[in-house]
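Asks: Return atomic coordinates for the entry below.
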Amino acid sequence: VERQEELCEIAAHNFPILNLNHINVKNEDGVSYLQAMSPVDCIFLDPARRNEHGGKTVAISDCEPDVAELEELLLNKAEQVMVKLSPMLDLSLALKELQHVQEVHIISANNECKELLLILGQASVEEISIHCVNLPTRGTQEEQHFVFTREQEQCSECNYTDTLENYLYEPNASLLKAGAFRSIASAFPVKKLHPNSHLYTSDVLVESFPGRAFHIISPGSLNKKELKESLGDLKKANITVRNFPATVAELRKRIKLSEGGDTYLFASTLNNGQKVLIRCEKA
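Replies: Below you'll find the model as predicted:
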């Protein structure tokens, strides 16, 4: 159901070519159609994310239609509703605006957050399950899937560390979006560098960690002498900043390294407040 005639014509042309002959295309206003339609099993809704001036919107109330206003009507028409929203949307705000969320699915592809899907249902749930999924798009990387609740996140034990061990871990984009920072430290044998540094370390490689794993070559400080010893004759590196008082561009200018190569540098802060520049290679 789409009110833009051109999009309907494109869809009506493409679906038969893809052997999707069971799909009916309606060139109508979605809200008007919803009000008149008979009840169904499931409704999938993808609100327009741009305002009348063409700018991107990320809040539910700024999308068209406003799902929060339609929530009761949607659940009168369907047992289950799936809402596709901007990955930039504030998840906590969305869960406050919508009263019947049962599940959250945060979807990343090749470690880039792509979609935020909310599942609404008529039955109430004690805790909303948050599914973090990272889909591989190239190579042999396996799909990563981690499930937690916000209540579990608050109650999870998390060990912080003043020292780096042999391996460094960066959670995938879905986990970072979901805020599963304490939960993964509880679910896997890793230590968190700092409450605000969303990086983790371990002595033994944790192959199942849902993110990128690196072998630490040198956990250097930003002292000029140590920095020179750590970087040696390195010409280029991939730089990431987590809880560090400088941007990637500022740091790259300071240490005079171009982008690329097989070396990874993470600028971050340990639990004791020490600023570090960690030289790594992929594990």
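
Asks: Report the strands that pair with the one helix or strand Ile278 maps to, each with its relative direction.
Replies: According to DSSP states H and E, Ile278 maps onto strand 275-282. Using DSSP bridges, strand 275-282 pairs in its sheet with strand 211-220 (antiparallel), strand 258-269 (antiparallel).

Asks: List the buried residues in that strand.
Replies: By 16 or more other Cβ atoms under 10 Å, the buried positions in strand 275-282 come out as 276-280. Where you see a C-beta, it was placed from the backbone N, CA and C, and this is true even at glycine.

Asks: Same check on stretch 125-137?
Replies: Neighbour-count burial for stretch 125-137 [16+ other Cβ under 10 Å]: 129-135.

Asks: Repeat that for stretch 147-164.
Replies: In stretch 147-164, counting by 16+ other Cβ under 10 Å, buried: 147-150, 152-153, 156, 158, 161, 164.

Asks: biggest separation within those residues, which pair?
Replies: Using Cβ to Cβ, the pair of those lying farthest apart is Thr149 and Leu164, separated by 30.3 Å.

Asks: Excluding sequence neighbours, find me the nearest residue to the residue nearest to the spatial centre of the chain.
Replies: Nearest residue to the geometric centre of the chain (Cα atoms, centre = their mean): Ser174, 2.6 Å. Take Ser174 and drop its neighbours on the chain: the residue closest to it by Cβ to Cβ, 6 or more residues apart in numbering is Cys132, 3.7 Å away.

Asks: Name all residues that make contact with that neighbour.
Replies: 106, 108, 144-148, 172, 174-175, 177-178, 180, 210 (Cβ atoms under 8 Å, 6 or more residues apart in numbering).

Asks: Drop anything exposed from these.
Replies: 106, 108, 144, 146-148, 172, 174-175, 177-178, 180, 210.

Asks: With secondary structure and pLDDT as extra columns, can I get those in CSV?
Replies: Shown next, in CSV, are the buried ones among the contacts of Cys132 (DSSP: H, G, I helix; E, B strand; the rest coil; pLDDT from 0 to 100):
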residue, secondary structure, pLDDT
Ile106, strand, 96
Ser108, strand, 94
Gln144, strand, 90
Phe146, strand, 96
Val147, strand, 96
Phe148, strand, 96
Asn172, coil, 94
Ser174, helix, 95
Leu175, helix, 96
Lys177, helix, 93
Ala178, helix, 94
Ala180, coil, 95
Pro210, coil, 94
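
Asks: pretty sure Ala267 contacts Arg279?
Replies: No - counting by Cβ atoms under 8 Å, Ala267 does not reach Arg279; the two are 10.7 Å apart.
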